[in-house]
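Q: Predicted model follows, preceded by the sequence.
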Amino acid sequence: MHQLTLINVDDIQTVVNVASVPQRSPFRYPGGKTWLIPQVKRWLFSMGTKPRLLVEPFAGGGIVGLTAAFEELVERVVLVERDEQVASVWRAILGGDADWLANRIMNFEMCHETLETELGKGGGPIREMAFRTLLRNRTNHGGIMAPGAGLIKYGENGKGISSRWYPRTLAKRIREIGRIRSKIEFIQGDGLDVIREHACESETAFFIDPPYTAAGKKAGRRLYTYNEIDHEGLFTLTESVRGKFLMTYDDAKGVRDMAARHGFFVETVAMSNTHHTKMQELLISKDLAWVR
Ligand SMILES: C[S@@+](CC[C@H](N)C(=O)[O-])C[C@H]1O[C@@H](n2cnc3c(N)ncnc32)[C@H](O)[C@@H]1O
């Protein structure tokens, strides 16, 4: 048990524009952390030595793990995701089907009819499921793939379902990830189990970005198929890890209370997205001295 220290709640004034960070993920992910990348890099650099492993137990679009692998900020990356649709994309790309998937994307002619036909299909090999997942991700409103999500209606410049379908960009990102796949392991499963497996390793770092459903908050519920996790259990588990961790949460009183109970520091972090909407979330860790 760690000594309860003063919770230091300050605003990090750095407002990051997502446009300035390289986009490497094949997903447009609800709750994606592209905007947090500059801070994540500072956190990793603050460790002095390169972590052997970075575990991203709630990977989603995996931007943190991808950035760490591409920019060689860590030696190896483990991505974990429970959602089988999302997992299919990682399994296909990291399992050797990156070129196949890229070609499938390049050869698809997007329109309502072809989209409906594809999305109506089921089964088949993982790579086909991966293709359907990316189609859904790029044509659903907000990139949301959870049940109840609908297609983009108007999109950018009234381009509707095509407004987020950039086949060339997508194919390029997928091929690039395929090229560094030996550095990234993907596990379809429960992120908490994987944290537990690596808890005693002092040279493993954890970037933990769970669905925001703690303290009765509903924000994460409509965004993800799997949105219920044991938040208190996650905090308890995180308290036991020997390596460094950085956790992100929505700024809610219940979350701050939980952090205080576990002796963690919190900082608020501000961002502005491509629509210039200001947002604020919490960074939580045992050590946030690198923030200042
Ligand atoms: C906030 S999102 C992560 C977003 C990610 N950091 C990004 O930048 O794209 C949370 C993710 O956790 C996944 N998830 C929910 N429960 C999980 C569990 N028990 N184990 C692993 N992943 C889980 C959800 O499917 C969702 O993709």
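A: Everything's here; your move.
Q: CA only for contacts and neighbour counts going forward, please
A: OK.
Q: for the stretch 1-150 of the chain, what spans make up the strands?
A: 11-17, 53-56, 76-81 (DSSP state E, counting those that start in this stretch).
Q: Which of the ones you listed has the lowest mean pLDDT?
A: Among these, strand 11-17 has the lowest mean pLDDT, at a mean of 47.
Q: near the ligand, which residues of this structure?
A: 29, 31-33, 57-63, 80-83, 189-191, 209-211, 224, 226-227, 229 (Cα under 6 Å from any ligand atom).
Q: Return a ChimeraX selection command for the buried portion of those residues.
A: Selecting only the buried entries of those in ChimeraX, with 16 or more other Cα atoms under 10 Å as the criterion:
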select :29,31,32,33,57,58,59,60,61,62,63,80,81,82,83,189,191,209,210,211,224,227,229
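Q: what's the helix or strand Thr236 falls within packed up against?
A: Per DSSP states H and E, Thr236 falls inside helix 231-239. On a contact count with 3 or more Cα pairs under 8 Å, 6 or more residues apart in numbering; DSSP states H and E, helix 231-239 meets helix 191-198, helix 253-261.
Q: Name the residues of the shortest one that come out as buried.
A: Going back to what we said before, that points to helix 191-198. So for helix 191-198, counting by 16+ other Cα under 10 Å, buried means 191-192, 194-195, 198.
Q: could I get those residues as TSV with pLDDT?
A: As requested, the buried residues of helix 191-198 are exported to TSV (pLDDT from 0 to 100):
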residue	pLDDT
Gly191	98
Leu192	98
Val194	98
Ile195	98
His198	98
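Q: between the residues you listed, which is closest to the ligand?
A: Gly191 (3.8 Å; Cα to the nearest ligand atom).
Q: So for the residue nearest to the closest one when sequence neighbours are not counted, what pLDDT did the model give?
A: Distances taken as Cα to Cα, 6 or more residues apart in numbering place Pro57 nearest to Gly191, at 4.2 Å, with adjacent residues excluded. For Pro57, the pLDDT comes out at 98.
Q: got the contact list for Pro57?
A: Contacts for Pro57 (Cα atoms under 8 Å, 6 or more residues apart in numbering) come out as 78-81, 190-192, 194-195, 206-209.
Q: and it, what are its phi and psi?
A: Dihedral angles of Pro57 (phi, psi; degrees, to the nearest 10) stand at phi -70, psi -10.
Q: going forward can the numbers begin at 19, since that is how I track them
A: Got it, first residue is 19 now, which makes that one Pro75.
Q: ok, it to Leu112 distance?
A: Noted for Pro75: a distance of 17 Å to Leu112, by Cα to Cα, to the nearest Å.
Q: Gly251 too?
A: Going from Gly251 to Leu112 by Cα to Cα gives 30 Å.
Q: which stretches of the stretch 169-310 of the chain aren't confidently modelled?
A: 173-175, 235, 237, 290-294 (pLDDT under 70).
Q: What residue, apart from its backbone neighbours, is nearest Ile179 spatially?
A: Thr157 (5.0 Å).
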